[in-house]
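Participant: here's a sequence, model it:
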Amino acid sequence: MRKTKMLAWTDEWEESYSQEEKILKEVLRNELVDIFHIGSTSIPTIGYAKPIIDILIVVKDIENIDLYNNKMLELGYEPKGENGIAGRRYFPKGKDNRTHHIHIFQVESEQIKIHLDFKEYLIKNPVEAKKYGELKINLTKQFPNEHNKYQEGKQQFVNELADKANEWASQRRFP
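Facilitator: Model prediction:
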């Protein structure tokens, strides 16, 4: 059973992302369009995060990513296919003690916009980010050994934030 571990935000997460970014850019260079650090470790104003680096990779053709499964395994990433999100390729690293999650989508996937808008919204709205961090801390205390309950406990708030982020982003794009 995965435990939920929450830490105060640290610059080390940016360094960890940068190191992994270099490796992944080299491995996926023939398919790579762009790469981003996402999730709570990429947003200092949240204040807290599970020490897992989330990486969003944009590629030319998602079907070709399956050809990289063996190389990803060599790097410690477990190929999980779509893992519940159509059009995604998901690769966690670290088994029950995860260190990284890679989310790969093809260019023009709506999921790319959703993830990047969510991040940008929380960066630009530190009060909302702080509320999210406080919720994460409270849920971690409440469910330290029940990761699924931790996830369930934050889902409604995350959905509300995603809706706000989407509205905020659409107003910025079409004034």
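Participant: wait, isn't residue 60 in contact with residue 106?
Facilitator: Yes: counting by CB atoms under 8 Å, residue 60 touches residue 106, with 7.2 Å between them. Any C-beta I mention is one placed from the backbone N, CA and C, and that applies to glycine too.
Participant: more neighbours, these two?
Facilitator: Set residue 60 next to residue 106 and count neighbours by other CB atoms under 10 Å: residue 106 wins out with 20 against 13.
Participant: ok, for the more buried one, nearest residue in space, not its chain neighbours?
Facilitator: Excluding the flanking residues, the one nearest residue 106 by CB to CB, 6 or more residues apart in numbering is residue 62, at 4.0 Å.
Participant: contact partners for that neighbour?
Facilitator: 87, 88, 89, 104, 105, 106, 109 (CB atoms under 8 Å, 6 or more residues apart in numbering).
Participant: need the max-distance pair from those.
Facilitator: Within the contacts of residue 62, two members stand farthest from each other by CB to CB: 89 and 109, at 11.0 Å.
Participant: biggest helix in this structure by residues?
Facilitator: What stands out as the longest helix in the chain, according to DSSP state H, is helix 147-173.
Participant: pretty sure residue 44 contacts residue 9?
Facilitator: Yes: counting by CB under 8 Å, residue 44 does reach residue 9; the two are 5.0 Å apart.
Participant: just checking, what packs against the lowest-mean-pLDDT helix or strand in the chain?
Facilitator: Across the helices and strands of the chain, the lowest-confidence element by mean pLDDT, DSSP states H and E is helix 147-173, at a mean of 93. Applying 3 or more CB pairs under 8 Å, 6 or more residues apart in numbering; DSSP states H and E, we find helix 147-173 packed against helix 110-124, helix 126-142.
Participant: where does the protein have low pLDDT?
Facilitator: Along the chain, segments meeting pLDDT under 70 span 1, 173-175.
Participant: what about residue 105, how many neighbours?
Facilitator: Neighbours of residue 105 (other CB under 10 Å): 23.
Participant: any idea how far it is from residue 57?
Facilitator: Distance of residue 105 to residue 57, given as CB to CB, to the nearest Å: 8 Å.
Participant: how about residue 148?
Facilitator: 26 Å.
Participant: could you do residue 94 as well?
Facilitator: For residue 94, the distance to residue 57 - CB to CB - is 18 Å.
Participant: which of those two has more neighbours?
Facilitator: residue 57 (22 against 13).
Participant: which residue is the nearest non-sequential neighbour of that one?
Facilitator: Here the residue nearest residue 57, using CB to CB, 6+ apart, is residue 104, at 4.5 Å.
Participant: buried set for the longest helix of the chain?
Facilitator: 147, 150, 153, 154, 161, 164, 165, 168, 169 (16 or more other CB atoms under 10 Å).
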